[in-house]
Each structure stands twice: as structure tokens, then as C-alpha cells.
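Participant: Sequence below, structure please.
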Amino acid sequence: MTITEILAAAIKRGASDVHLLSDLQPAYRVNGYIEMAPSPPIPADDLEAMLDAILTDDQRATFAETRELCFSQNLDELGFFRFNLATHLGRPEAAIRIGHKELPDYDALGLPEALLECLQSTHGLILVTGPTGVGKTTTLNAIIHRINRAERKKIVTIEDPVEFVHPQLKSLVVQREIGLDTPGFHRAVIHALRQDPDIIVIGEMRDLETIAAALTAAETGHLVLATLHTNGAAGTVSRIVDVFPAQQQAQIRLQLASTLRAVITQKLLPRADGEGRVLVYELLVMNAAGRNIIRDGRANQLPNIIQTGASLGMKSMDQMIREAYDAGEITWDTACSAVVDPKVLKR
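Facilitator: The predicted structure is shown next:
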């Protein structure tokens, strides 16, 4: 069995990820849950040879030294894949995110129209947030694809690794991969400012330096799109401010208040019919009241802005979950486990 055969079977099953561990059969993640493939276990030596066959000389050297490796690879007959290699008790393992031949469509994903209006800004910061595995990267790439089809812009992306390859349509899209094209996010963002971009896309704001560079880019006439592993607009703002030393936080709040355009926080919930997952989200669109709240250090009050911001397209997560339940897209049990305030469902 080859990597290509395993991935082809996973795609046919509708998996989002494949996990390969020594002496176990391949495991798929389908609709958010792990299931074992109906195939024989893969011996450790066979798995090591299987993975070695897809590596370059530099990647083999890196993996041999660090025992960890993350990279992307395009398999012409199947699409683009993100590989994460590691060792488990000294034996190889791989987690593979299944890519797609086709770029994600913004409307088909069910993303909000109000977010598109924020993308008309010539500068500022738009954040896509949520835990791992909720489609943040897919949303970012759906936005890029939408802009690429409609506007004449230069878009520079910084990704770890690249998951979707964008053709040159109306826009000029430059995609840079961590490890292949640049050593890290912070350095790549600083360099991107010299590449005459209209839009900078940061795959993940992981550290203080990258967040600071993103805020500077958003202040200096660029539209910056980025992801964060945070839950909700309030948690996102607090995380950005708190990562800085105390003496800098007042200035960061001012920067954030002036640059932030929108925060969308995502969840994927299993469909009631068992066929796939439903996207629900919280959307904050910045207005004068929201900017004042951030400036004054009252991020915990941002949910009140969302509750009263329906005219701007804002929605709370609980509201979206209630709507999904009312539409029959998710079960009662799923809704109950996902909401923050159970009263939303009881009403």
C-alpha cells in the first residue's frame, strides 16, 4: 500500500484527515470523529519507507535531526495535502490534512455577507478565530478566492504550510510557505510590507512579534487577514492585548481599536442526518461603540455589542446555534452541548 492509495481511499470516504501510526491500520477523521480504515495494520518499517519516499533530501535531514516535520505537497491526481510527521515512542507517525483540488466557495460555505462588506476596507485587521479543526484556513482561502475573482489586488499569503494553491485570476497572489520560502511568520510579515501588497494573509498569529507586525501592517495602509486560536471576539481582543508587556498594553488597545474591522469565530457541528458538519459562527463588526470598549479595556462587554448589532450583520454564536437547530440542521443534543447560554434554546 502506498501513501497515494491511502489518501485516495480517505477522500472516497469523505475524510478531512488521515492518521498513520506504526502497527495500526490507517485512521480517518470523518465528520469530526476518528474511525479505523478497513485495511491491514502498517508495520513500522513499511510506514517509515512509505514516508521516506515522499521526502526531499533536505526534509529527510530535518526529520532525522528534529524528529518533527511539517510540509505540504501536491499530488496531481488527488490534490494538495498538508503532512505533519513525528515519532511516537521512537516509531514514525503522520497526520495528513486532506487538501482539495477545488478552491472553497465563499457562498457555499455559508459565510456572512456582512464580512464581505468589511473586506472592502483598504486597510485594517480581520480575524478568523476558533479552535483547531473548525475550518479557519478554509475560510481564509474562500475569502482570497472571492477577492481573486473580483478585484485587481496584490495578495501576499504567509502559510504553514500552503493548503490551497490559488491561480492568477484578476488578482496577483503570492503564496509563501514557512520553512520553504521564509523561516517564520514575523520575518515574512515584515518582508511582505516591501512587496507592495494590498492584502496580507497570515496563516496564524502565534507570537508577540507577529501580532505586532500585523497591527503595524494594518495601520500603514494594508488589509490584513489572520487566524487566532481563540474563542469569541472578547477572548480574541484579550489574547492580543495580554500577549504584550503591561507597559505596552494601553498603546496596543489604541492600535487595535483603530485597526480591527471584524472578528468571526467558527464552530463546526455534526449534521442531524450524519452527513457532514454545519458551520456556525459569531460575527463582530466594529463600530464606534466597539472601538470605545476596546480602547477602554472593557473587552468583556463586546458580546453586548454583538447582541445589539444585528443591523450591521452581527450574530452571536448561540443565536446561530439556535437557528441551525430550528432549521433541523443539528439535533437538540448537539445544540445543548454547543451553546453557552441554555436559555437561548429554551426560549
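
Participant: residue ranges with poor pLDDT in the stretch 201-347 of the chain?
Facilitator: For the stretch 201-347 of the chain, applying pLDDT under 70 flags the ranges 347.

Participant: Okay, helices next: where are they in it?
Facilitator: With helices called from DSSP state H, counting those that start in this stretch, the stretch 201-347 of the chain shows them at 208-219, 232-242, 249-259, 288-295, 302-307, 317-326, 332-338, 343-346.

Participant: will you turn these into CSV that also has distance to residue 198?
Facilitator: Every residue, glycine included, has its C-beta placed from N, CA and C. CSV is the format used below for these (distance: least, CB to CB, whole Å):
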stretch, distance to residue 198
helix 208-219, 11
helix 232-242, 23
helix 249-259, 16
helix 288-295, 24
helix 302-307, 28
helix 317-326, 31
helix 332-338, 37
helix 343-346, 39
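
Participant: So for the top helix by length along the chain, mean pLDDT?
Facilitator: Longest helix in the chain, counting residues (DSSP state H): helix 136-150. Mean per-residue pLDDT for helix 136-150: 96.

Participant: Report the distance from that helix to the chain centre.
Facilitator: Centroid separation for helix 136-150 versus its chain: 12 Å, with CA atoms, centre = their mean, to the nearest Å.

Participant: and the helix or strand following it, how far from the chain's centre?
Facilitator: Per DSSP states H and E, the first helix or strand lying C-terminal to helix 136-150 is strand 154-159. Centre-to-centre, strand 154-159 and its host chain are 14 Å apart (CA atoms, centre = their mean).

Participant: Next, the buried residues of strand 154-159.
Facilitator: Neighbour counts over strand 154-159 (16 or more other CB atoms under 10 Å) mark 155-159 as buried.

Participant: of the helices of the stretch 201-347 of the chain, which approaches residue 131 most closely?
Facilitator: The closest approach between residue 131 and any of the helices of the stretch 201-347 of the chain, judged by CB to CB, belongs to helix 232-242 at 11.2 Å.

Participant: which other residues reach the closest one?
Facilitator: Helix 232-242 is contacted by residues 127, 129, 205, 211, 228, 230, 249, 252-253, 256, 260, 263, 265, 282, 284, 294, 297, 299-303, 306, 317 when judged by CB atoms under 8 Å, 6 or more residues apart in numbering.

Participant: Same question for stretch 119-129.
Facilitator: By CB under 8 Å, 6+ apart, stretch 119-129 touches 115, 118, 136, 139-140, 143, 146-147, 198, 214-215, 218-232, 235-236, 256, 259-266.

Participant: Buried ones among these?
Facilitator: Among the contacts of stretch 119-129, the ones that count as buried by 16+ other CB under 10 Å are 115, 118, 136, 139-140, 143, 146-147, 198, 214-215, 218, 222-232, 235-236, 256, 259-266.

Participant: Against residue 159, how distant is the residue nearest the centre of the chain?
Facilitator: The chain has residue 136 as the residue nearest its centroid, 2.5 Å off, counting by CA atoms, centre = their mean. Per CB to CB, to the nearest Å, residue 136 is found 12 Å from residue 159.

Participant: again with residue 246
Facilitator: Residue 246 is 32 Å from residue 159, where distance means CB to CB.

Participant: Residue 94 now?
Facilitator: Using CB to CB, residue 94 is found at 19 Å from residue 159.

Participant: same deal with residue 64?
Facilitator: Distance of residue 64 to residue 159, given as CB to CB: 25 Å.

Participant: One more: residue 141?
Facilitator: Noted for residue 141: a distance of 9 Å to residue 159, by CB to CB.

Participant: domains in the chain, as residue ranges please.
Facilitator: Domains of the chain are assigned by automatic domain parsing as 3-98, 106-346.

Participant: Just name the most buried of the ones you listed.
Facilitator: Mean neighbour count (mean count of other CB atoms under 10 Å) peaks for domain 106-346 among the domains of the chain, with a mean of 18.

Participant: Leaving aside the residues adjacent along the chain, what's closest to residue 320?
Facilitator: Excluding the flanking residues, the one nearest residue 320 by CB to CB, 6 or more residues apart in numbering is residue 280, at 4.0 Å.

Participant: Please name the bridge partners of that neighbour.
Facilitator: On the basis of DSSP bridges, residue 280 is bridged to residue 267.

Participant: my read: residue 146 touches residue 116, true?
Facilitator: Yes: between residue 146 and residue 116 there is a contact under CB atoms under 8 Å: 7.3 Å.

Participant: got any residues that touch both of those two?
Facilitator: Common contact partners of residue 146 and residue 116 (CB under 8 Å, 6+ apart): residue 106.

Participant: Let me see the contact set for the closest residue to residue 334 other than its chain neighbours.
Facilitator: Leaving aside its sequence neighbours, residue 334 sits nearest to residue 269 (CB to CB, 6+ apart; 5.4 Å). By CB under 8 Å, 6+ apart, the contact set of residue 269 is 277-278, 280, 321, 324, 330, 334, 338.
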